[in-house]
Structure formats: structure tokens, C-alpha cells
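1. Okay, predicted coordinates and the sequence, questions at the end:
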Amino acid sequence: MLTAPQNPSPGLARVRERIARAARAACRDPAAVTLIGVAKSQPAEAIARAVGEGLADLGENYLQEALDHAAALAGSPVRWHFIGALQSNKTRPVAERFDWVHTVDRLKIAERLSAQRPPGMAPLAVCIQVHLGGEQTKGGVSPAELPALARAVAGLPRLALRGLMALPPEETDVARQRHWFRELRLLRDALAQDGPALDALSMGMSGDFEAAIAEGATHVRVGTALFGPRPPAAAR
């Protein structure tokens, strides 16, 4: 197990305060917002420091990197969230080792995760990724196809469909940021009218998570603001 350095992590305190301010401004309980530290390409020492100071949730984009981090943090009370694009040939280790998957965007992936989730573990919590903004480089199911996929995923035995996730276009204007997050929230609320009740909205990153919280985010995925810029040599 990797030992956390003694130097405190100023990023964690700052991000927690930003979350608390945004939640209070929206008349929400800050405890209703889960901070997921995005560990992609970050030094293991920085991750261990934040976990040692109480960061309970880590988000991983790449499977092998996730397995390395998990080995280094063995024994730490961490909830593991898979937040990257998931290929069919990598679903088994994700089903066996993770607590959440935020990027389910097709039934085949969901079926494999359900079939490969060990019976002795709690159902795997999943979010359906929705494609907002029309950017070709980002994945997700279209809003029109969302209801049918949600119904199918909700019926799988080893999964717990919890909510929706999105990677909307990057915006600097707060009103535009809120536009996309509001769209995801409304899609979630529409599903609840005649489909599964969903309690999670995974949306918001370092540059826009305050706007996401204002629109109801329950999980924010924060990397740079928490750990600092990724080392240039680690860029992918």
C-alpha cells in the first residue's frame, strides 16, 4: 500500500469549499454532492495524499492505470468509478473491481457488465452516458434513444441503474454551461415519469462544476482543480 505524503493537498480543500459554496447558493446540502477525483495520468503520490486526507471516490479513465492505482492503494477505503470509454473486451475487470460505471452508452456493454458482475458483490451502479451537443469525438446515447436503453438497462439483474452522465461542450459562459446541465437534468426527470426512478446526475468537471451543481449534479468529476495539471509526459 502506498503511504500518503505528509504535505497537505491544498487542491482538495479548495475544491471542497467551491462545492460547498455552489451547493449553498443553490439551496442544496453540500453533502448531496459527491466529489470524484479524476486520477487520469496523475502521480500516484498526489492521489494517495488526497485519499489520505479523506477523498473517498476516485474516477478512472483507463483500465490498466486504474488497476495500478488500485494496487498502490490496496486497503484504502476508496469507491472506484470507471468514467472512460469502455470497450467490450475490457468489461470483465471493470465489472469485478469497480463500484460505479458512468459511461454505459449501449446495451451490449450493459449486458456484459451484468453477466460478469460477481454474484457475491453488490449490484454495479451505472449511469447512462448521454450525447449532448453533437460533438463527434464524444460518446453517448442520443436523447431520442435514451428511454429504450434506460428501460433495458434497468431490467438487468446485476446492475443498479442510478442516473445519467454527460460530457457536454466546453463553455466559458456560465449560462451556456447551465444550459447543457439543465438539459441532462430534464432528461433524467422525464425518464422518472414513466420509467426507472434515477437519483444520480454525473456532470461537471474542473471548469464548470459550480454550474453543474446549480442544475442538480450529484457527482462531479474533478481532476485538474484537485490534483493540478497532468504531467506533460503523461498526456494521451
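-> Arrived safely.

2. quick one: contacts for the closest residue to R117 other than its chain neighbours?
-> The spatial neighbour of R117 that comes closest, neighbours along the chain excluded (Cβ to Cβ, 6 or more residues apart in numbering), is R158 at 3.8 Å. Heads up, the C-betas are built off the backbone N, CA and C, glycines and all. Contact partners of R158, counting by Cβ atoms under 8 Å, 6 or more residues apart in numbering, are 95, 113-115, 117, 119, 123-124.

3. Local confidence estimate at R158?
-> pLDDT recorded at R158 is 98.

4. Please identify the buried residues of the longest helix anywhere in the chain?
-> Using DSSP state H to define each element, the chain has its longest helix at helix 174-194. The neighbour-count check on helix 174-194 (16 or more other Cβ atoms under 10 Å) flags 177-181, 183-185, 187-188, 191 as buried.

5. quick one: low-confidence ranges for the chain?
-> Filtered on pLDDT under 70, the chain yields the residue ranges 1-10, 232-236.

6. let's see it at 50
-> 1-6, 8, 235-236 (pLDDT under 50).

7. residue boundaries of the helices in it?
-> Using DSSP H, helices in the chain cover 10-25, 44-52, 63-72, 91-97, 107-116, 146-154, 174-194, 209-214, 224-227.

8. want to try CSV for the ones you listed, with distance to A166 as columns?
-> Shown next, in CSV, are the helices of the chain (distance: least, Cβ to Cβ, whole Å):
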stretch, distance to A166
helix 10-25, 18
helix 44-52, 25
helix 63-72, 21
helix 91-97, 20
helix 107-116, 17
helix 146-154, 11
helix 174-194, 5
helix 209-214, 9
helix 224-227, 19
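
9. So which of those is nearest T34?
-> helix 10-25 (9.4 Å; Cβ to Cβ).

10. Helix 44-52 and that closest one, what's the angle between them?
-> Here the directions of helix 10-25 and helix 44-52 differ by 50 degrees (axes from the mean of the first three to the mean of the last three Cα atoms, to 10 degrees).

11. Can you name the residues in contact with helix 10-25?
-> 29-30, 32-33, 35, 50, 53-55, 209-210, 213-214, 220, 222, 225-228.

12. Let's see that with 6 Å instead.
-> For helix 10-25, the external contacting residues (Cβ atoms under 6 Å, 6 or more residues apart in numbering) are 30, 33, 50, 53, 210, 213, 222, 225-226.

13. ok now it, how far from the chain's centre?
-> Centroid separation between helix 10-25 and its chain, computed with Cα atoms, centre = their mean, to the nearest Å, is 18 Å.

14. pretty sure Q129 contacts S142?
-> No. Counting by Cβ atoms under 6 Å, Q129 sits too far from S142 to count as a contact (11.0 Å).

15. more crowded one of those two?
-> Between Q129 and S142, counted using other Cβ atoms under 10 Å, Q129 has the larger neighbour count: 25 against 12.
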